[in-house]
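[1] the following comprises the amino acid sequence and a computationally predicted model.
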Amino acid sequence: MKKLLGILVLGLLWCNISFADYCTDEDIRYSLRHKYWEHEKIPEDVYQNAKKILEDTYKFGLGIQKAVEDKDMEKLLSYVRGKLLGGQELSFFKNKSFDEIFTEEFRSKILSEKVNCLPLGDKGWMLGNGKIWYRNFDFLTIIRFNYLSFEEKRAARTAWKIGNKYIKPECLNSNQLHIWLSLDNYEEFFDKYISKIENHIENPEFQKFATNIGLYLNKEVPLDHKFRPSWSSDSDKDELSLTLDLSDCFNDKPITHVEIDGYDYTYTVLETYDLNLGKKLAPHIKKQFLSIKKVKASYFKSYHVSTYGILELNDKKKMVPLIHYDFR
């Protein structure tokens, strides 16, 4: 008999805990505060409807937490039933694992916070101090993932974004598009496409070429063209090109600084231009540019400032130089 009594007591305690996890009468009445005064009688059907909305949303929040706990990306994305806010696209998150997008810090914050019954004003409900936001105004759906760290958010303001991807810093430094300190690459370009000369740096035509390189693209300088420079040997097989294939130049996150082999690569987007400017900067390119930006890129102790354009060529995203500011 004592054993049976103990089971009953534990059962009652479990029921009380479960009940405590759901929304209280105070929560329900508070959610209706704009329609009914504090001591005003609330019609039963209105009360029950408000209760259902809060408890459905509460259970929705628990489901999100469980998906985060299990790192179940498919389940987590199933809670996105409408459009994400803040320019986020659901396609960015698909076909990626949980750990590819979210950090352990993000996960810990979601799991350490109790699910709330009440929304935060008109913004909706949140988990993890705003790491995930969701709503139940017309239907239940996650509306935002705030998965970027403070550093990443700061970087996002100066990173070059194309669709849902960001340009890698090393691609804006270790390339042939900008003018090398030695001038070797642009001297080779000039000799190949314009005319061979002896003293490049003092030649006005070379200075114009190196500065306003976009004016020569798809005319004197063919797009997607490569050639062996004069210093190339059979062993190294170096090639130069004024068109950069961006296939390996994208990050999922906004990273504007990286260290590779002990060297720092950084960049900052200084200006974003209207795409119609491409017709002026590169008048012989008839394709519409996808993006045009002025960038300051740094490598080791040197930096350069240039305007680049990105366009689609042969079903691939390519970058070309439009203006260099080294001779200005």
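    Here it is on my side, so go on.
[2] residue 217 is in contact with residue 225, isn't it?
    No: using Cβ atoms under 8 Å, residue 217 makes no contact with residue 225, being 10.2 Å away. C-beta: built from backbone N, CA, C; applies to glycine.
[3] residues near residue 222, how many?
    Using other Cβ atoms under 10 Å, residue 222 has 13 other residues around it.
[4] and if you look at residue 183?
    The burial count for residue 183: 15, using other Cβ under 10 Å.
[5] who touches it in this structure?
    Contacts of residue 183 were listed using Cβ atoms under 8 Å, 6 or more residues apart in numbering, and they are 200-201, 210.
[6] make it 7 Å
    By Cβ atoms under 7 Å, 6 or more residues apart in numbering, the contact set of residue 183 is 200-201.
[7] equivalent analysis for the one 5 residues further on, please.
    Counting by Cβ under 7 Å, 6+ apart, residue 188 touches 229-230, 240.
[8] could you verify that it is part of a strand?
    No: applying DSSP: H, G, I helix; E, B strand; the rest coil, one finds residue 188 to be helix, outside a strand.
[9] so how far is residue 248 from it?
    24 Å (Cβ to Cβ, to the nearest Å).
[10] same check, this time on residue 227
    21 Å.
[11] so for the two, which residue has more residues nearby?
    residue 227 (13 against 8).
[12] what sits against the more buried one?
    Per Cβ under 7 Å, 6+ apart, neighbours of residue 227: 192, 239-240.
[13] 6 Å instead, please
    192, 240 (Cβ atoms under 6 Å, 6 or more residues apart in numbering).
[14] check what pLDDT it gets.
    Looking at residue 227, its pLDDT stands at 94.
[15] over to it: give its phi and psi.
    Backbone torsions for residue 227, taken as degrees, to the nearest 10, come to phi -150, psi 160.
[16] and it, bridged to which residues?
    residue 240 (DSSP bridges).
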